[in-house]
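Novice: what follows is a predicted protein model with its sequence.
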Amino acid sequence: MTVLDKAMDVMRKSADWMVPSDDRILELLREHGNLTPQAVDDLGGPSAGHAQDRLPTLTKFGLTERISRGLYRISEKGIAYLDEDLDASELEPVDD
């Protein structure tokens with residue numbers, strides 16, 4: 001097994017519906033706890049507008065949870081994804 005093969009084995013497995021900034025949003029939520037889109041922006045993540053667009057999608061697939069209007073936290077699935085224990089492409093959208 002080459003070094004590249006080993007690296008590929010431990011990389012996070014994202015889904016087609018994900019964008020690169022989703023990882024940063026999830027990392028900030030894990031590090032700082034409950035956040036608003038503006039707090040994501042303030043902490044060096046994507047812009048508040050972009051985070052506001054992405055957080056509902058992350059929630060739809062179970063990687064985050066909406067606590068109240070505009071306030072989110074990372075879910076157990078989100079932590080598992082960051083820890084490379086979950087393949088996000090296997091997640092199904094959750095109906096509200």
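Specialist: Arrived safely, thanks for sending.
Novice: and the helices in the chain?
Specialist: With DSSP state H as the definition, the chain shows helices at residue ranges 3-10, 20-32, 37-42, 48-60, 76-82.
Novice: what helices and strands are in contact with the third one?
Specialist: What it means is helix 37-42. helix 20-32, helix 48-60 (3 or more Cβ pairs under 8 Å, 6 or more residues apart in numbering; DSSP states H and E). For glycine as for every other residue, the C-beta is placed from the backbone atoms N, C-alpha and C.
Novice: and the angle from the first one to helix 48-60?
Specialist: Between helix 20-32 and helix 48-60, the angle formed by their directions is 80 degrees, by axes from the mean of the first three to the mean of the last three Cα atoms, to 10 degrees.
Novice: D87: how many residues sit nearby?
Specialist: 13 (other Cβ atoms under 10 Å).
Novice: tell me the contacts of G70?
Specialist: The contact partners of G70, taken as Cβ atoms under 8 Å, 6 or more residues apart in numbering, are 36-37, 52.
Novice: what pLDDT does it get?
Specialist: The score at G70 is 95. That number is its pLDDT.
Novice: so where's the protein shaky on pLDDT?
Specialist: Counting by pLDDT under 70, the chain has low-confidence residues at 1-10, 96.
Novice: quick check, central residue of it?
Specialist: Nearest residue to the geometric centre of the chain (Cα atoms, centre = their mean): L26, 3.7 Å.
Novice: give me the spatial nearest neighbour of it, chain neighbours excluded.
Specialist: By the measure of Cβ to Cβ, 6 or more residues apart in numbering, the closest residue to L26 outside its immediate chain neighbours is G78, 5.2 Å from it.
Novice: what is the burial count for that neighbour?
Specialist: In terms of burial, G78 registers 26 neighbours under the definition other Cβ under 10 Å.
Novice: quick one, what contacts the spatially closest residue to H50 that is not a sequence neighbour?
Specialist: Closest residue to H50 in three dimensions, ignoring its sequence neighbours and counting by Cβ to Cβ, 6+ apart: S21, at 6.3 Å. By Cβ under 8 Å, 6+ apart, the contact set of S21 is 45-46, 50-51, 54.
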